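J.: using only what follows, build the 3D model:
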Amino acid sequence: MKTTTFSKFSAEFFGTMVLVLMGCGSAVIAGSNGTTGVGLLGISFAFGLSVVAMAYAIGHISGCHINPAISIGMVIAGRMKTDEAVVYITAQILGAIVGAGILLLIATGKEGYSIADNGLGQNGYALSSPAHYNLLSGFIAETIFTFIFLFVIFGSTSSKNIHGGFAGLSIGLSLVLIHIVGIPVTGVSVNPARSIGPALLVGGAATSQLWLFIVAPFLGSILSAVVWRYLLDKK
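T.: Just a heads-up that it's a prediction; the model follows:
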């Protein structure tokens, strides 16, 4: 039975919503919550586990991209049509906005929470970087980390990979790895939708710096797709 476009749209919408709600939520709600805070490692696993969970929940419906950079990469790699990618990306951005909105509703239930001071797990560089890394560091990190992330995805989902059933696990764990290293630099995006959702609600620097978290992940994705298609998976 063929999966409909609406089913794929819905899967990508809900999958991205969960990623933003749980991933960014781990930073906002549990990241530094006194002695019970999960810290950098906990936030890293929250993002990775969100991908693992959604991979097995909706992977059979849409492939579980939940990331515009992945959809663009699949087009470049010849695994997806452009018109289908547009549907996916639209669903992902809308899902991210809704996920950020739900997170905001939950976060405001705590006395003393301020979106200006506490944010929604948005990404940033310079003064908005968790460890104050500059624009160049942020751009390099987001580009290379996305390149690596897509590299793992292409290999894990290749028809030649005899361990394809574990693709969701390897992809999710690679995201954990990227977050462990990258959170101090930019908070880690490697996913334009994940950055767009919180930034639109937070505003200010989060919005003005948003361009980097769209351009760099797309660049990294395209480079990874070109390397995979024309150098490594060349027929």
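
J.: how far away from the center of its chain is stretch 223-235?
T.: Here stretch 223-235 is found 22 Å from its chain centre; the criterion is Cα atoms, centre = their mean, to the nearest Å.

J.: now do the buried residues in that stretch.
T.: Neighbour-count burial for stretch 223-235 flags Leu223, Ser224, Ala225, Val227, Trp228, Arg229 (criterion: 16 or more other Cβ atoms under 10 Å). C-beta: built from backbone N, CA, C; applies to glycine.

J.: those residues in helices, which ones?
T.: Among these, DSSP state H puts Leu223, Ser224, Ala225, Val227 in helices.

J.: any stretches of this protein with poor pLDDT?
T.: Within the chain, the segments meeting pLDDT under 70 span 1, 32-36, 161-164, 235.

J.: if you set the cut-off to 90 instead, what comes out?
T.: Scanning the chain for pLDDT under 90 picks out 1-3, 30-38, 158-167, 232-235.

J.: could you pull out the helices for the chain?
T.: Using DSSP H, the helices of the chain run over 5-25, 39-62, 68-76, 82-107, 115-118, 135-156, 167-186, 192-202, 205-208, 212-227.

J.: closest to Ala126 out of those?
T.: helix 135-156 (6.2 Å; Cβ to Cβ).

J.: how about JSON lines for the buried residues of stretch 223-235, with distance to Ala167 added?
T.: Output for the buried residues of stretch 223-235, formatted as JSON lines (distance: Cβ to Cβ, whole Å):
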{"residue": "Leu223", "distance to Ala167": "21"}
{"residue": "Ser224", "distance to Ala167": "16"}
{"residue": "Ala225", "distance to Ala167": "17"}
{"residue": "Val227", "distance to Ala167": "19"}
{"residue": "Trp228", "distance to Ala167": "15"}
{"residue": "Arg229", "distance to Ala167": "18"}
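
J.: now Gly124, nearest residue through space, not along the chain?
T.: In this structure, Gly124 finds its nearest non-sequential neighbour in Gln209, 5.3 Å apart by Cβ to Cβ, 6 or more residues apart in numbering.

J.: list the contacts of the residue nearest to Ile76 when sequence neighbours are not counted.
T.: Nearest non-adjacent residue to Ile76, counting by Cβ to Cβ, 6+ apart: Ala225, 3.6 Å away. The neighbours of Ala225, taking Cβ atoms under 8 Å, 6 or more residues apart in numbering as the test, are Ile72, Gly73, Met74, Val75, Ile76, Ala77, Leu150, Phe154.

J.: try it again at 6 Å.
T.: Ala225 sits next to Gly73, Ile76, Ala77 when contact means Cβ atoms under 6 Å, 6 or more residues apart in numbering.

J.: write the PyMOL selection for whichever of those are buried.
T.: Selecting only the buried entries of the contacts of Ala225 in PyMOL, with 16+ other Cβ under 10 Å as the criterion:
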select buried, resi 73+76+77
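
J.: and the contacts of Ala225 as a markdown table, adding distance to Gly112?
T.: Formatted as a markdown table, the contacts of Ala225 follow (distance: Cβ to Cβ, whole Å):
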| residue | distance to Gly112 |
| --- | --- |
| Gly73 | 41 |
| Ile76 | 46 |
| Ala77 | 47 |
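
J.: spatially central residue in this structure, please.
T.: Centroid check for the chain by Cα atoms, centre = their mean gives Asn191 as the closest residue, at 3.7 Å.

J.: perfect, I'm done here.
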